[in-house]
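Colleague: Need coordinates for the following:
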Amino acid sequence: MAHSTRKHQLAQLGQPGMMKLLLGFDWVDISSWPAFVKLLNRPTDPASLGMLRIFYGLLMFMDILQERGLSLADVKWGNLDECRFPLFSFLKPLALEWMFMIYLSLWISSLFIMLGLWYRGSCLVYCVCYWYLFLLDKTSWNNHSYLYGLLAILLLVTDAHRFWSLDGCRNKAIQNSHVPLWNYTLLRAQVFLVYFIAGLKKTDLEWLGGHSVTSLSSHWAFTPFRLILSESQTDYYIVHLGGFLLDLTIGFFLFFDVSRSMALFFCTSFHLMNSLIFHIGMFPWVMIFTQAIFFHADWPWKALAHLPSWMKMFLPENDLPKPSAHCIYTKEEIKPDEPLPAAPSHSKKKKGRPIASETKAVGDSKVTQDSAVVMKDKVLCKHKMAAVCTVIYLLCQCFLPYSHFITKGYNNWTNGLYGYSWDMMVHSWSTQHVKITFINKDIDEEGYLDPNAWASSSRWQAHADMVKQYAHCIGRRLHKYNITNPAIYIDVWRSMNGRFQQRMFDPRVDILTAEWSPFHEVTWKMPLLTDLTDWRTKMNEIENEVFSSMNHTEAVFVADFPGLHLENYIETDLGNVSLHVLHGEVTVEQEDIGNMTLQPNEYIQIKPGAFHLVHTISFVPSSYMYLYVNTTNVQLQKNISELEEKLTALNLSLTSGYDSNVEYSAIIKKLVEETPESDRYLRILAQRKQLQAQKTVGLLAALQLFIRKKLGMFTNSLYMLGQAFVSITTGVPMQTLLNTTGHVYGAADEVSLPDI
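Modeller: Reported below is the predicted structural model:
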């Protein structure tokens, strides 16, 4: 009873309760819809939102050069024969010169977003151009590119230009004025959902079982962990379990004040390691800077107060936020003559921010009363719409990652297209074999096509919708070769998370005539052979046994469906090739040898330099493995060893004086020329030297290399934009200009069919 009385006394004194301290609002603020609307439109300091705008604009300015691909746009969009994979069939790439204008619009608008200049229009231009490029190419989809687009939309609808912006300099009425709380709610919830749903997705047994990411611990970034753990233990406990726990909990830890410092340390360390391990552009830095959205909204003022005085001319004026018509104020905040509750004796004034007698506490900040904007406590239609749209957006973001029961046509062995599900790295893939067969039905003639003939990305191979698009694109391209009535069969062999290599699509189905709908199951998709999943442990044991007992021997594990067969060609540089049956029953058909039926634990030697067929004749799926020796690599290693022995006998090495000492260079050059496959050895040596240099390079040298690389991308982008302007003004196609100027043009010439 005494405790409840104490809580009542604190409430009467205007001191916040425990819920207010933890969550930033009281139960009464969410007890009804009108109260909830007032909460979402509560006035809040714009400083943190403005800093997010600056960080985002700066990082996207660099991202456009790199991952969006401005510096290589001629390679990506210059080949008119290349097949495209848009989400909607009506989306088409523009002419190359106008594609560069799209990139230029992105580049300029990202800069204007950072500066807060013509903010709303800049955000709109950026969103339109960004989502056009994003939807135009499904092969480049990933979770962080999707996140960038979502953040652009959120910045478009928020008032992030009300702090430290050129728009604020042009319009003093919006400079440093309050923003509604829903601006922060949207961004905080979006970042929280990225982490939390990624953690929920990692409850998949593939991830928790340690099968998703293997051998990642061999990277030097995990060296501290390998001091106390083995590589396999590091992969499981640090990468899999540690990643799962971090994603699942870090959003909560960032939200609460008491745990935020610890969360910042672990989350920042996590993203810094990602930046070292993976080539994912600006994503780690975006996630590092978006952590600041969980801070108190006025944190930039505290940070700017510590900067030197000579920088003040470049900094925003350190005034209190002004009222805004976008917010809802309480009656107590509106009445200037009503005294404020007495502050606790232990409270402190905020450093660097003036506290005038005519100010009042409002939301997360204070507000001055000498403003032309009239503070209102009435809930208007715009306030209700903002609350409704906020709730709808967040519900959609919770629903979309689990909406695959609707978009069934995009489901394969995993649900949906990789990109909007936040299932980062849950599944790893390897492709062993892709075979595209076309038949000219007019003359019943069969031919084979290079899988990359009209596609620069291999991403299409794992998704039925893109396989369908590629087949139709191939059908149109074949018209140039007088094949107007083709049938196209695509056979893709892939492994997911260390399983057997198996086919993804039925090789007996003509993809051109096969049915596909976004809302129906793909009938010509082959199921994942989950009954053979338990073989992964046995496969690892077999590989370890083979590697330890037979030098230079490699293994490939294959599974197939009853009634189907694998047609395989063994290269001539592979020796001692054998096929071993692990499960089921198969018949092996070889040219000039005949047929042989094999059961588990039986094997047969396979003739290199020829085709052979493996028929699955059992009623259950078969599984088998190939063991082989790459004789070319074995001979190369032998030659390398002999060359190194000769150099050692002469007290020489390829790294000592090869370029500077003429006498040594002549001796080494002669020895190298006498060694078979010496050119391959020199390439290997160059790769070793480059890798060693990367490991031993100092911080300054690494920074210089980074700057040179970015400057190269920048100058190439400017050159290509200049060529685009010339093309538009002269009417000459940009491809023609690039070819006549001698620029190394990335687009391939017209693709010719392989011999039939």
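Colleague: in the stretch 151-300 of the chain, which spans are helices?
Modeller: 166-170, 181-201, 205-208, 223-226, 231-233, 242-255, 257-277, 283-290, 299-304 (DSSP state H, counting those that start in this stretch).
Colleague: what's the angle from the second one to helix 257-277?
Modeller: Right, the one you point to is helix 181-201. 60 degrees (axes from the mean of the first three to the mean of the last three Cα atoms, to 10 degrees).
Colleague: how far out from the middle of the chain is helix 181-201?
Modeller: From the chain centre to the centre of helix 181-201 is a distance of 17 Å (Cα atoms, centre = their mean, to the nearest Å).
Colleague: returning to what we had before: to Thr437, which of the helices of the stretch 151-300 of the chain lies closest?
Modeller: Taking Cβ to Cβ, helix 205-208 is the member of these nearest to Thr437, at 32.1 Å. Bear in mind the C-beta positions are built from the backbone N, C-alpha and C, glycine included.
Colleague: remind me which residues of the protein are low pLDDT?
Modeller: Across the chain, the ranges flagged by pLDDT under 70 are 1-16, 336-374, 550, 636, 640, 643-644, 646-647, 649-699, 702, 741-756.
Colleague: for it, longest helix please?
Modeller: Across the chain, the longest stretch assigned as helix under DSSP state H is helix 699-730.
Colleague: Buried ones in whichever helix or strand comes after that helix, by neighbour count?
Modeller: The C-terminal neighbour of helix 699-730 among helices and strands, as given by DSSP states H and E, is helix 734-740. Within helix 734-740, the residues that count as buried by 16 or more other Cβ atoms under 10 Å are 734-735, 737-738.
Colleague: Could you do stretch 442-450 as well?
Modeller: By 16+ other Cβ under 10 Å, the buried positions in stretch 442-450 come out as 447, 449.
Colleague: same thing with stretch 450-459?
Modeller: 451, 453-455, 457, 459.
Colleague: who's in contact with Lys382?
Modeller: For Lys382, the contacting residues are His326, by Cβ atoms under 8 Å, 6 or more residues apart in numbering.
Colleague: what residues does the helix or strand that Leu478 is a member of touch?
Modeller: Element membership of Leu478 [criterion: DSSP H and E] is helix 464-478. If you take Cβ under 8 Å, 6+ apart as the criterion, helix 464-478 is touched by 81, 83-85, 138-139, 409-410, 412, 417, 436, 438, 449, 453-455, 459-461, 484, 486, 488, 490, 492, 505, 511-512, 514, 516, 518, 522, 524-525, 751.
Colleague: Quick check: next helix or strand after that helix?
Modeller: Sequence order places strand 486-496 as the next helix or strand after helix 464-478, per DSSP H and E.
Colleague: Neighbouring strands of that next one in the sheet, and parallel or not?
Modeller: Looking at strand 486-496 with DSSP bridges, its partner strands are strand 429-440 (antiparallel), strand 502-503 (antiparallel).
Colleague: From the chain's centroid, how far away is that strand?
Modeller: When distances are taken as Cα atoms, centre = their mean, strand 486-496 is centred 26 Å away from the chain's centroid.
Colleague: And stretch 434-443, what's buried?
Modeller: For stretch 434-443, using 16+ other Cβ under 10 Å, the buried residues are 434-440.
Colleague: Looking at those residues, which one is closest to Thr203?
Modeller: Taking the buried residues of stretch 434-443 together and measuring to Thr203 by Cβ to Cβ, the closest member is Val434, at 32.2 Å.
Colleague: Can you verify my assumption that that closest one contacts Asp450?
Modeller: No. Judged on Cβ atoms under 8 Å, Val434 makes no contact with Asp450 at a distance of 9.5 Å.
Colleague: Next, the contact list for the closest residue to His240 other than its chain neighbours, please.
Modeller: Leaving aside its sequence neighbours, His240 sits nearest to Gly210 (Cβ to Cβ, 6 or more residues apart in numbering; 4.9 Å). Neighbouring residues of Gly210 by Cβ under 8 Å, 6+ apart: 235-236, 240.
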